[in-house]
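*Asks:* got a predicted model here, sequence first, then my questions.
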Amino acid sequence: MKIPPVGLGTWKAKPNEVREAVTAAIACGYTHVDCAAAYANEWEVGEALAACASRRDELFVTSKLWNDRRRPKDVREALETTLKDLQLEYVDLYLIHWPVCWRRGTVLQPDAEASIRECWLELERCVRDGLVKHIGVSNFNETQLAALLDDDGITIKPACNQIETHPLWSNDALVKYTQSRGVTVTAYSPLAQGGELFEHPTLKRIAEKHGVTPAQVVLRWNVQRGVVVIPKSTSPARIASNADLFSFELSDEDVEDMKVLDVGKSCASAPWSEFAPVASRNRWLRPLGRTLSW
């Protein structure tokens, strides 16, 4: 899979802003847009994509299958809805958003009759039918990813694992394992939502050394690891800046110095996440959420 190393993220983009953000990104050279049905804004992204339909072959569009769409019929229906909203005949990459199976129309309510494997087999059929070019996963750990990669009954291996990784939580073991299996890593929340990170003295010093912004240093750090980044922004100036990552290179010393930033802090709030930084919190939050949502 050939995927542009920098894309525009659309998570938490406000209504009536994401259309302009996608338009601005494509105008300044972006060819990669990351979407998801759960973001509830794909129809607006679709309006921006429709305006440059003649350039479709140049674009790489990713979307994701939400957690309550794991049965084969629901998988295809969800993908077809995404295609309708995005005004596309196919998406370039379609990901299982989280390694969980919920009952249709619920949150945190397990579906005992659904499985990741059956979901994946239906995604393979969607590839063969031309609805999507590549399929992958998101938020899968080593064991969950290996279950698909090592399954002899699966003919199309995951092309991508989209995970959280940034200097505050390098998630280094999972990044290295995923890449060692020939699977592309894409980093969501690659800027760790900014804020306090950008004020760290080490990061500011490195940014000043290279004449760039702290955000550019953070993104370049992942790019040099061979990780695709999809920073979200609705500011045309920041969108352009976030893609300007190839006029400088972090030295080995810079990378070593940035290790001080890794404090194991996750920016993901999902109570169903089992990743280490939020696992202890979610052990009590998940059953509470399941009870409340029921």
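*Replies:* Okay, I see it.
*Asks:* neighbouring contacts of stretch 189-197?
*Replies:* 164-169, 203, 214-215, 218-219, 222, 227, 229-231, 261, 265, 267-268 (C-beta atoms under 8 Å, 6 or more residues apart in numbering). Where you see a C-beta, it was placed from the backbone N, CA and C, and this is true even at glycine.
*Asks:* the same query, at a cut-off of 6 Å, please.
*Replies:* 164, 166, 168, 215, 218-219, 222, 229, 231, 267 (C-beta atoms under 6 Å, 6 or more residues apart in numbering).
*Asks:* could you do stretch 150-158 as well?
*Replies:* With C-beta under 6 Å, 6+ apart, stretch 150-158 has contacts from 124, 127, 136-137, 148-149, 183.
*Asks:* is V107 in contact with W294, as I believe?
*Replies:* No. Contact criterion C-beta atoms under 6 Å: V107 and W294 do not qualify, at 9.1 Å.
*Asks:* which residue of these two possesses the greater neighbour count?
*Replies:* V107 (15 against 9; other C-beta atoms under 10 Å).
*Asks:* which residues are in contact with the more buried one?
*Replies:* Here V107 is in contact with S293 (C-beta under 6 Å, 6+ apart).
*Asks:* quick one: secondary structure of it?
*Replies:* Taking DSSP: H, G, I helix; E, B strand; the rest coil as the rule, one finds V107 in the coil state.
*Asks:* so which residues of the stretch 51-200 of the chain form helices?
*Replies:* 72-86, 116-128, 142-149, 172-180 (DSSP state H, counting those that start in this stretch).
*Asks:* please state the offset of the helix or strand bottoming out on mean pLDDT in the chain from the chain centre?
*Replies:* Least confident helix or strand, the chain: helix 276-293 with a mean of 93, by mean pLDDT, DSSP states H and E. Helix 276-293 sits 22 Å away from the centroid of its parent chain (C-alpha atoms, centre = their mean, to the nearest Å).
*Asks:* of the contacts of stretch 189-197, which belong to strands?
*Replies:* 164, 229 (DSSP state E).
*Asks:* returning to that earlier point: quick one: the least confident helix or strand of the chain to helix 172-180, angle?
*Replies:* 90 degrees (axes from the mean of the first three to the mean of the last three C-alpha atoms, to 10 degrees).
*Asks:* hmm, what's the outermost residue in the chain?
*Replies:* Residue farthest from the centre of the chain, counting by C-alpha atoms, centre = their mean, is K209 at 29.9 Å.
*Asks:* now for E44, how many residues are close by?
*Replies:* Neighbours of E44 (other C-beta under 10 Å): 24.
*Asks:* quick check, it in a helix?
*Replies:* Yes. E44 forms part of a helix when assessed by three-state DSSP.
*Asks:* please report the distance of it from L285.
*Replies:* E44 sits 31 Å away from L285, taking C-beta to C-beta, to the nearest Å as the criterion.
*Asks:* what about burial for the contacts of stretch 150-158, which qualify?
*Replies:* Neighbour-count burial (16 or more other C-beta atoms under 10 Å) applied to the contacts of stretch 150-158 gives 127, 136-137, 148, 183.
*Asks:* ok, Y188 - contacts?
*Replies:* If you count contacts by C-beta under 6 Å, 6+ apart, then Y188 has 162, 164 around it.
*Asks:* who is it paired with across the strands?
*Replies:* E164 (DSSP bridges).
*Asks:* for it, give its distance to K176.
*Replies:* If you go by C-beta to C-beta, the gap between Y188 and K176 works out to 18 Å.
*Asks:* you'd agree E164 is up against K265?
*Replies:* No. E164 is not in contact with K265 according to C-beta under 6 Å; the separation is 10.2 Å.
*Asks:* between those two, tell me which one has more neighbours.
*Replies:* E164 (22 against 15).
*Asks:* what sits against the more buried one?
*Replies:* Listed by C-beta under 6 Å, 6+ apart, the contact set of E164 reads 188-189, 268.
*Asks:* gap between it and R125?
*Replies:* Distance from E164 to R125, by C-beta to C-beta: 30 Å.
*Asks:* what do you get for G182?
*Replies:* For G182, the distance to R125 - C-beta to C-beta - is 23 Å.
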